[in-house]
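Q: return atomic coordinates for the entry below.
(4 chains)
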4 protein chains.
Amino acid sequence: MHFASDNWAGAHPLIASSLSTHATDYSQPYSDSPFDKQVQHHFSQIFERPVSVFYVATGTAANSLALSLVSKPGGIVLAHSEAHIVADECGAPEFLSGQLRIATVGGADGKIDAGLLRRKVESMDGDVHAGRANAISITQATEAGTLYSLEEIEAVAGVARDFGLPLHMDGARFANAVVALGCSPAEMTWKRGVDMLSFGATKNGCWCAEAVILFDESKAGDFPYIRKRTAQLFSKSRFVSAQFEAYFRDGLWLELARHANGMAARLVEAIGSSKEARLLGDAKSNEVFVVLPKTLVKTAREKGAVFYDWPTPAGLEIAEDEKVCRFVTSFATTEEDVKQLSAILQ
Amino acid sequence: MHFASDNWAGAHPLIASSLSTHATDYSQPYSDSPFDKQVQHHFSQIFERPVSVFYVATGTAANSLALSLVSKPGGIVLAHSEAHIVADECGAPEFLSGQLRIATVGGADGKIDAGLLRRKVESMDGDVHAGRANAISITQATEAGTLYSLEEIEAVAGVARDFGLPLHMDGARFANAVVALGCSPAEMTWKRGVDMLSFGATKNGCWCAEAVILFDESKAGDFPYIRKRTAQLFSKSRFVSAQFEAYFRDGLWLELARHANGMAARLVEAIGSSKEARLLGDAKSNEVFVVLPKTLVKTAREKGAVFYDWPTPAGLEIAEDEKVCRFVTSFATTEEDVKQLSAILQ
Amino acid sequence: MHFASDNWAGAHPLIASSLSTHATDYSQPYSDSPFDKQVQHHFSQIFERPVSVFYVATGTAANSLALSLVSKPGGIVLAHSEAHIVADECGAPEFLSGQLRIATVGGADGKIDAGLLRRKVESMDGDVHAGRANAISITQATEAGTLYSLEEIEAVAGVARDFGLPLHMDGARFANAVVALGCSPAEMTWKRGVDMLSFGATKNGCWCAEAVILFDESKAGDFPYIRKRTAQLFSKSRFVSAQFEAYFRDGLWLELARHANGMAARLVEAIGSSKEARLLGDAKSNEVFVVLPKTLVKTAREKGAVFYDWPTPAGLEIAEDEKVCRFVTSFATTEEDVKQLSAILQ
Amino acid sequence: MHFASDNWAGAHPLIASSLSTHATDYSQPYSDSPFDKQVQHHFSQIFERPVSVFYVATGTAANSLALSLVSKPGGIVLAHSEAHIVADECGAPEFLSGQLRIATVGGADGKIDAGLLRRKVESMDGDVHAGRANAISITQATEAGTLYSLEEIEAVAGVARDFGLPLHMDGARFANAVVALGCSPAEMTWKRGVDMLSFGATKNGCWCAEAVILFDESKAGDFPYIRKRTAQLFSKSRFVSAQFEAYFRDGLWLELARHANGMAARLVEAIGSSKEARLLGDAKSNEVFVVLPKTLVKTAREKGAVFYDWPTPAGLEIAEDEKVCRFVTSFATTEEDVKQLSAILQ
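A: The predicted model follows:
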């Protein structure tokens, strides 16, 4: 019963097989081959407009380099306090941009509260001592397993627009969000005011397939240098293209995300009918946070369930004999595993 | 006839197949799984001592992070003027170390002259205005297709030792060098005084398999943070382990390098007996630099040969109607291609 | 009536006169002259132990370079949310260290709460994603005009000691604190566990006299390079030495701070007996924060008082028709100015 | 007999006295006071156009921050191999820009050869591996004591213009150059295509007075943040303004430089008529490089002359029993000292 993380899964067979298919013959390196161009073009189709696509090695790299592109001296990025760029990237966005700082904004369910954001940006008068607002970053699906509605994205984008700040979306679980909202990739991004996207596919069935998407091609100018000077330019880039090619073919990426979300939804259902487990937040994608009696946690692990304890969110009161746990589903999660875990949680 | 670069080749079938084999099931991410550990252990066997192994995304990353590990304020790395870290990494070693500078040392055939190196280091008195020597980096096989003999490595290492400087080896074509010298990996590295190695496998049949090897495990301390803050920590690390597993199995890596070197040797032979082509330098690995009449270059391309023009090395005099070209072989180079090209060069 | 800031004052006549005295003749630059050494030795006498002294251009530089010296990859400095390094340095500590991040710890009266600090450090398990605690920084006197008691310094130092973290003190108003606590400089610093001090004299009657003091000379190793690579090494260093020479002579520095504190104490007294003004916090040095009716603020300014409005501290409730104001005294503040202002505030 | 360096001198009495004059009363900090503005306006008068003026702590800071302002990802600054930014700043321009690299261009007499420069820039095709040309920096007067003629500046500026590169001038000894060429400050800078100037006054009679001058005010945008984040923003900025005020009053700055140059010219004359000493290069400002018999060097020092040995320039052949020495004059150099030294050198 594997619920530790979506990065514990391997790669989907179609991804692996595409890598074999594309392993032969010769091809220009550094994202310049016809095959690379063709796959990059596929991104433009998916997003319904010409976009710039830059492969990088990790989601952390995607976030860091996107923010680097817009970084200004004294600049401060605004993000939710639970954002990956704040809590899980060892300062990579700051380091790789050469100088950015990140300030946090609160909000329930892992989502920036647009009202708080506006007040925060208003309070930053840009004086040289305090520094100045430089960009806004949101995560979709969030680190709390929740989703910004299209209206919520628009509200954040409104603040970005009013203060002339670029808006970045960390889409490490982009597919899960698209599927859950039932909207198009375009509707969830540039049509709502998102300027840059970290498009993650690794957590959804690829080995290593992350890209920075810029919705305004005319602003991509310095990115090739930014990527190379941070050692993020793959030579045999087609190994990424081969993954994305299979990922997009016949909607595989949405199917895999739908499966992961569906498995999570069943877990949520099981928790809803449990007398012992208590759902935290409004789980909508493939991460489920639960308050469990410690005895039950122990039992579940003894029976073979693999999952992480999680820090108790600030402000949450739980009993002494309880703890918060996280369960993550993926393309590889089986119904059998979910059934077993659900039974344990009853 | 493909001789553009070893990174134009794809992946060897056994590498691709290992990726399929290891795609299933669950596994700890971030290089912490038993499989990751096992493959890392394989490195220790190959190098005949316990080594620390850190996967990174690119050869540029391997070089940059190895040098970051030993970077000191005001520090200057000494390298050959043709070194990859000098000429081809867009300043990544400087940027990712947060501060290093690189000073160049001359030497024939792409190799640092140990005598010049010693005088250079002696002349750096470490005053605060000029900065101080911080590390030495050599490339094996070199960017000129040549090799440091074991004695030459030892001579450079002697300078490093005398001045207390760590010695780094850029091994983007490490396998080609080991095979060409006919020595063991240990003999070419730590037994000669090399402290850190960028171990590249991408150019020799992998998709994306680069590692920093530290020969003194006790000095690895900060490396995990250095790697994460530069966004070089793969989550599904087993996709690298799977490649290395196949790469090392039954000596595949040496076999592939032997093939590439052998193909290059045939080219060298053909050039030797040509009246029109003239070999540059002492080609020993899988890169061959040649002076060709421009008309012959044109003919070769018309007949389907793919290769790069190359800048004329400083100090070399060639005729107006000649140019320097580079031919690179790889695991994928066919005898047929070499035969065809040889015929053209005659 | 000048209460805007202690950096609105110029230089004390004895400081200016020392600059004239030392303007003649020749002297080694870069802090290497006998005069420079003699003044640096004076610091050792003042601190009752051999200390390393490094002049820098600004208090921001002193803070940034001290923290740079101990900076580790992935490192996080812990400081109060109102600290100068957090709120007023445009990210200089992060930028000049090449990589540090700062995390904030709460506490009343501008002082880190040692209990909160301990829990915060305990919660940082140093994993590679989150980064690791790297140093602690406190400000004495604080940005809120308050003081850490010796016991409070010791409590913070206890956390530093238990977790092996260096402890830095931002002493932009060091003299005001020493005088207010009535202790020796040694008692307030290394005897309580402080490792590094930003010793500021600019705000207390100098033109430009800031120094980093390291209490363990054996750890100064890289500092000269750190200072030079950040362009903080003065050539004609004796212009700083001349200021410090006059500053320390006959206890001028303590006398000036005593004057500034005394002027502030009278203001506090006047506010205490006022029906309209309300003191904020426990003003002990030369900064006084006051809640005032907006009408009174207007009147005061019309009558010639110069001072800043201040942001309302988080959590403080004040009436609609009130605002928070800051009054700062200095060596140059006159009794007459204080009397006039006091009369207005009554 | 003091000829070690112009930074061994102290401050001119009028500089020191201006500091006393301006020490009283209150004044806005951070370069915002009316007095600061007035002095900055004086720069505009001197340069015959509106310029942006930013005080910084050191010449190294001025160079580093000017170059930071125009720094682009992957950017490379072109400078002479003897330039201060290359040889004497411990990597500060690279570090403080967060990323620049410097590539050197040759040329006789410490001056960039415009022809070599053009070929170098042409050879940089801006590909992402090599990086791209970003700016050009020249030093006037040069580190070799020589001068670019106005035509030579124009030739370099022509290359800058043709390739769209900003042109920076390191004017650590700007006054000496203006006086020696007998031209106006405007003629030597923006009228010849210089975009940014490091205006140094410290070596010419000030304590600490360095400024970045931007000839196009509209491009100053980010500079305030760049300066603050590098801890180079003085609070009591009038201590710099007071120095510049006296420096410019009644042409003091030119008079002091004329004196220093004149003293150097006498030395040059003495060397010209010496049988033992041999002048190196075309000394035109206040630095004189001389080849001397070692015995004479010893004698001179025994008789009280203070000066530095200097590295033998690359390519220069001198006898075994000779060495290169540097003699620097300043505002404080006395005729008596020059006479004595001249007598020794005969």
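Q: which residue packs closest to the one residue in the stretch 101-250 of chain A that gets nearest to chain D, ignoring adjacent ones?
A: When distances are taken as Cβ to the nearest Cβ, the stretch 101-250 of chain A reaches nearest to chain D at A:Tyr225, 3.3 Å away. C-beta here means a position set from N, CA and C on the backbone, and glycine is covered the same way. Excluding its sequence neighbours, the residue lying closest to A:Tyr225 (Cβ to Cβ, 6 or more residues apart in numbering or on different chains) is D:Gly74, at 3.3 Å.
Q: A:Ile46: neighbouring residues, count only.
A: 17 (other Cβ atoms under 10 Å in any protein chain shown).
Q: need the residues of the stretch 101-250 of chain A near chain C, please.
A: A:Arg101, A:Ser123, A:Val128, A:His129, A:Ala130, A:Gly131 (Cβ under 8 Å from any Cβ of the partner chain).
Q: which one (most neighbours) among those?
A: When neighbours are taken as other Cβ under 10 Å, the top entry among those is A:Gly131 (27 neighbours).
Q: ok, it to A:Leu116 distance?
A: A:Gly131 is 19 Å from A:Leu116, where distance means Cβ to Cβ, to the nearest Å.
Q: how about A:Pro50?
A: In terms of Cβ to Cβ, A:Pro50 sits 35 Å off from A:Leu116.
Q: quick one: the residue nearest to A:Tyr225 from D:Ala300, how far?
A: Distance from D:Gly74 to D:Ala300, counting by Cβ to Cβ: 49 Å.
Q: tell me which of the two has more neighbours.
A: Comparing D:Gly74 with D:Ala300 by other Cβ under 10 Å, the one with more neighbours is D:Gly74, at 28 against 22.
Q: next up, phi/psi of that one, please.
A: phi 70, psi 10 (degrees, to the nearest 10).
Q: would you check that it makes contact with B:Cys90?
A: Yes - contact criterion Cβ atoms under 8 Å: D:Gly74 and B:Cys90 qualify, at 4.8 Å.
Q: need the residues touching each of the two.
A: Overlap of the contact sets of D:Gly74 and B:Cys90 (by Cβ atoms under 8 Å, 6 or more residues apart in numbering or on different chains) consists of A:Tyr225, A:Lys228, A:Arg229, D:Val128, D:Gly131.
Q: residues contacting the strand or helix carrying the residue of the stretch 101-250 of chain A closest to chain D, please?
A: Using DSSP states H and E, the element containing A:Tyr225 is helix A:223-229. Contact with helix A:223-229 is made by A:52, A:54, A:56, A:65, A:68-69, A:212, A:214, A:233, B:60, B:89-92, B:95-96, D:72-75, D:99, D:128-129, D:131-132, as judged by Cβ under 8 Å, 6+ apart.
Q: those residues in strands, which ones?
A: A:Ser52, A:Phe54, A:Val56, A:Val212, A:Leu214, D:Gly75, D:Arg132 (DSSP state E).
Q: please identify, among those residues, the one with the most neighbours.
A: A:Val212 (29 neighbours).
Q: so what's the closest residue to A:Asp216 other than its chain neighbours scoring on pLDDT?
A: Excluding its sequence neighbours, the residue lying closest to A:Asp216 (Cβ to Cβ, 6+ apart) is A:Asp195, at 6.7 Å. Looking at A:Asp195, its pLDDT stands at 98.
Q: where does the closest residue in space to A:Trp207 that isn't next to it in sequence sit, in terms of helix or strand?
A: Distances taken as Cβ to Cβ, 6+ apart put B:Phe239 closest to A:Trp207, at 3.9 Å, once the chain neighbours are dropped. Assigned by DSSP H and E, B:Phe239 belongs to helix B:238-248.
Q: and that helix, how far from the chain's centre?
A: 18 Å (Cα atoms, centre = their mean, to the nearest Å).
Q: and that helix, what does it pack against?
A: helix B:13-21, helix B:34-46 (3 or more Cβ pairs under 8 Å, 6 or more residues apart in numbering or on different chains; DSSP states H and E).
Q: count of neighbours near A:His22?
A: A:His22 - counted by other Cβ under 10 Å - has 22 other residues nearby.
Q: from what I can see it touches A:Ser33, true?
A: No - if you go by Cβ under 8 Å, A:His22 and A:Ser33 don't touch, sitting 10.2 Å apart.
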